[in-house]
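return atomic coordinates for the entry below.
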Amino acid sequence: MSGVTITLGTIGVLLSLFCWASFIGGVTRMVRGLFLGQKDGFDRFRPILPRLKNVLVEVGAHTRMARKRSVGFFHWFVMVGFMLGAIVWFEAYIQTFNPRGGWPWLSEQSWYHVIDEILGLGTVIGITALIIIRQVNQRRGLNRFVGSDRKAAYFVETVVLLEGLGMIFVKAGKLALYRADGQDFHWATDWVSGPLSTILPANELMVSIFALVKLLTGMIWLYVVGRNITWGVAWHRFSAFFNIYFKREADGRTALGALKPMTMDGVPLTMEKVEELTEEDEDFEPKLGAGAIEDFSWKGWLDFTTCTECGRCQEQCPAWNTGKPLSPKLMIMSLRDHATAKAPYLLAGGQTTMGEETGLVDADGNPDEAKLAKIPEAARLEAQRPLVGHTTADVSEDPTAAGIIDPEALWSCTTCGACVEQCPVDIEHVDHFIDMRRYQVLIESEFPTELAGLFKNLENKGNPWGQNNSGRDEWMNALDFDIPVIGKDVEDFGDTEYLFWVGCAGAFEDRAKKTTQAVATLLHTAGVKFAVLGQGETCNGDSARRAGNEFLFQMLAEQNIETLNNAFDGVPTSHRKVVVTCAHCLNTLKNEYGPLGGEYQVVHHTQLLNRLVREKRLIPVAPIDGNVTYHDPCYLGRHNQVYEAPRELMDGSGVTLKEMPRHGQRSMCCGAGGARMWMEETVGKRINIDRVDEALSTSPSKIATGCPFCRVMLSDGATAQTDGTELEGQVEVVDVSQLLLESISRDGGLPDPREPQWLEQPKREKTTAEQQAERDAAEAERASAA
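Numbers count the residues shown, from 1 in each chain. As a prediction, this is how the structure comes out:
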């Protein structure tokens, strides 16, 4: 040590105290902001071990980052360089004072020198590759980095690069000192820093300066990010671990399938619950959905904070890719920036109700100007902005006129789940979007005009088309065999193995009826014991829920659950089997009815039919002519992870499958989800047209799918894109079941149906009526004995 190195070391320590104070201040503001969110409707803390496993797997193995293999590979090196490199970074405190120094004992170990070498080299290579990838992507049109904060990204990338170089140059400088003392480096541990040391002078001051630069680079980072808590590209280094741990599904699944229930203070809200609370307190005002940033849960605030602005969600979003104003990334960023700007107002006790100050008021209920004056003006103005409102509003006269989220963007979402599926830090976009829709529908009555007709049809007719319920079983008229209807032909499930849930589309939409008839024919041919509810069905409520009309969904769900539970009376839960042809029915009955009292074993028709083919109860004999491309329905694939069954079924049917570029987890939406099936699409390119263009690029004779909504959208798109061309009438959109039905035909006819038999014989429980009869008999016996 010398007087100069001691001075440099002292400067480093003093500056680091200032920088650490800034960073700790940023952490404090961020944590205080999380407490402004509402209680969550899930237990995000338990079970502990599976949640810790999720963190270890997703972080250590980079399972979600690896979906972009090259990016995931290089990011892993940067992440490890940051986490383990902290040990080398803190060593700079010693090295600024004593250039030859290091951690006691540790710095003398050869394995430590290997790790030091790998960390430095890996960090430099990793961040350099990521910088190149960013620059290449940014030169494209609608790339995933559009809208991201470039200055924050460049700052973080520069710091990481300097940190990696700092590790290498400090070590190389120390090796140069040892070489001057007659100690040469070892190729086994110093294969990069060793050769570098041969061109560096043996100078202790140089090493001390290198160490100070390495130290201050990190300290500048701490200071800057502490002052900018909206820089998710920097903060995700810390918050991502917590966001992964607190993800909605403790078993590691993404937040898809069932929607997060509408809650208030962490309690699920139903019409009955609202009525109960209103009776207890006449002044009770329910919070229905998210109408202000403070209405989101604390996990929502953590999601907003954690966003890395990587743009993977944006890159996969069907709305963004077809010219709509929606970008999942930009919406999350807008919510984050708004939350951060409004937080000082909320932390001071401010609250706005119907545009009036109700939090900081005096004894007479008037705004307390003295208290409001203590809040920064920017925060007070931010508090007055509507959460959902036109973002292009004129702010020249009223700076609070522009909304945070544009209505056109909010209603462009198809809830396809691509954003959630691709997010490397488990942000739950769809749940947040639906919470905003709920408020707009249930409180503001602000929604696309087309949805008014949908809501009316669902409430009055029980189906989106507004058809009379008497027509639900007319599709059976075209069949040459009878299907028992529960409640009409048979009293209950009884001698039945599967309940065939037909759904609204399968009963009323002409193209979907063909799927329904094909599936019924295949089940009959295979000898499956099945029945239907006929006119006992009503809409499952998916479109109502995704459109934000939560109470309408609950009404429809309760009606269906009562019908289903009556039909399944006496049947164990494990054998309450339902087969559906609609991906939206699958998701709703399987994932969303359970919390409301409807527990069923729901399978998609491609899953059951695939099983029947494997068990030789259906035997394809005639290969399908021409190429077939398959479209993955979002609510079958991403939401329920059913990817292989349809493909196995097509393979077994002799199909020559030509996959589209976007398939499987990265499949493109057809545009019908999120109640978009019932809304006009006037901005940008139609999503179904974009998808059909991709399908046509595979030169198919047929486009297959496994959802009636998808079939409608793809059929309309195919007609629009082929009419007046050489392909007109040459490309057919079909359901997978129709391909199987065609492939089992022999000489133009179907094989004789098998004798009905069980796939799995259930153990039948006593029905409610039988149990009551036993209780009555026992009571009568006791009475006679007395």
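
strands along the stretch 151-300 of the chain, start to end?
263-264, 267-268 (DSSP state E, counting those that start in this stretch).

the first one pairs with which strands?
This means strand 263-264. strand 267-268 (antiparallel) (DSSP bridges).

can you tell which of the strands of the stretch 151-300 of the chain is closest to Lys342?
Nearest to Lys342 among the strands of the stretch 151-300 of the chain is strand 263-264 (20.1 Å), distances taken as CB to CB. No exception for glycine: its C-beta is placed from N, CA and C like everyone else's.

tell me the mean pLDDT over that closest one?
Averaging pLDDT along strand 263-264 gives 93.

from Asp181, how far out is the nearest residue to Asp651 once chain neighbours are set aside?
Excluding the flanking residues, the one nearest Asp651 by CB to CB, 6 or more residues apart in numbering is Leu657, at 6.9 Å. Per CB to CB, to the nearest Å, Leu657 is found 69 Å from Asp181.

do the same with Lys68
For Lys68, the distance to Asp181 - CB to CB - is 47 Å.

neighbour count: the two, which is higher?
Between Lys68 and Asp181, Lys68 has the larger neighbour count (other CB atoms under 10 Å), namely 18 against 8.

so that one sits right up against Arg312, yeah?
Yes. Lys68 is in contact with Arg312 according to CB atoms under 8 Å; the separation is 7.2 Å.

which intervals of this structure have sub-threshold pLDDT?
Applying pLDDT under 70 to the chain picks out residues 141-142, 354-355, 762-771, 778, 782-783, 785-786.

give me the element the residue nearest the centre of it is part of.
Nearest to the mean C-alpha position of the chain, counting by CA atoms, centre = their mean, stands Val420 at 2.2 Å. Using DSSP states H and E, Val420 falls within helix 418-422.

roughly how far does the closest residue to Gly289 other than its chain neighbours sit from Arg69?
Leaving aside its sequence neighbours, Gly289 sits nearest to Arg438 (CB to CB, 6+ apart; 2.9 Å). Counting by CB to CB, the gap from Arg438 to Arg69 is 38 Å.

okay, the two: which has more neighbours?
Neighbours were counted for Arg438 and for Arg69 using other CB under 10 Å; Arg438 has more, 25 against 10.

so what's the more buried one up against?
Applying CB atoms under 8 Å, 6 or more residues apart in numbering to Arg438 gives the contacts 262, 288-290, 548-550.

dihedrals phi and psi, Phe433?
Taking degrees, to the nearest 10, you get phi -60, psi -40 for the backbone angles of Phe433.

what sits up against the helix holding Val420?
With CB under 8 Å, 6+ apart as the test, helix 418-422 has contacts from 67, 254-256, 312-318, 328, 427-430, 634, 638, 665-666, 669.

which of these are buried? Put it as a PyMOL command.
Selecting only the buried entries of those in PyMOL, with 16 or more other CB atoms under 10 Å as the criterion:
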select buried, resi 254+255+256+312+313+314+315+316+317+318+328+427+428+429+430+634+638+665+666+669
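
pretty sure Pro376 contacts Pro344?
Yes. If you go by CB under 8 Å, Pro376 and Pro344 touch, sitting 5.7 Å apart.

the more surrounded of those two?
Per other CB under 10 Å, whichever of Pro376 and Pro344 has more neighbours is Pro344, with 20 against 12.

residue contacts, the more buried one?
Shown in contact with Pro344 (CB under 8 Å, 6+ apart): 375-376, 379.

reformat those as JSON lines; add distance to Thr198 and secondary structure.
JSON lines is the format used below for the contacts of Pro344 (distance: CB to CB, whole Å; DSSP: H, G, I helix; E, B strand; the rest coil):
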{"residue": "Ile375", "distance to Thr198": "61", "secondary structure": "coil"}
{"residue": "Pro376", "distance to Thr198": "56", "secondary structure": "coil"}
{"residue": "Ala379", "distance to Thr198": "57", "secondary structure": "helix"}
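
returning to what we had before: out of the strands of the stretch 151-300 of the chain, which is the most enclosed?
strand 263-264 (a mean of 19; mean count of other CB atoms under 10 Å).

so what touches that one?
38-41, 269, 286-288, 297.

just the buried subset of those, please.
When those are checked for burial by 16+ other CB under 10 Å, the buried set is 38, 40-41, 269, 287-288, 297.

what's the burial count for Ile87?
14.

right, I mislabeled it, should have said Glu309
23.

wait, it sits on Leu330?
No. Using CB under 8 Å as the test, Glu309 is too far from Leu330 to be in contact (9.3 Å).

okay, and the common contacts of those two?
Counting by CB under 8 Å, 6+ apart, the shared contacts of Glu309 and Leu330 are Gly147.

for Val628, what is the enclosing helix or strand?
Taking DSSP H and E as the criterion, Val628 maps to strand 627-630.

nope, Asp651 is what I was after
helix 644-652.

list the buried residues of that helix.
Within helix 644-652, the residues scored as buried using 16+ other CB under 10 Å are 645-650, 652.

quick revisit: mind putting the buried ones among the contacts of strand 263-264 into CSV with distance to Ile434?
Shown next, in CSV, are those (distance: CB to CB, whole Å):
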residue, distance to Ile434
Gln38, 15
Asp40, 15
Gly41, 13
Leu269, 14
Lys287, 15
Leu288, 12
Ser297, 13
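
which two from these end up farthest apart in space?
The widest separation within the buried ones among the contacts of strand 263-264 (CB to CB) is 16.5 Å, between Asp40 and Leu288.
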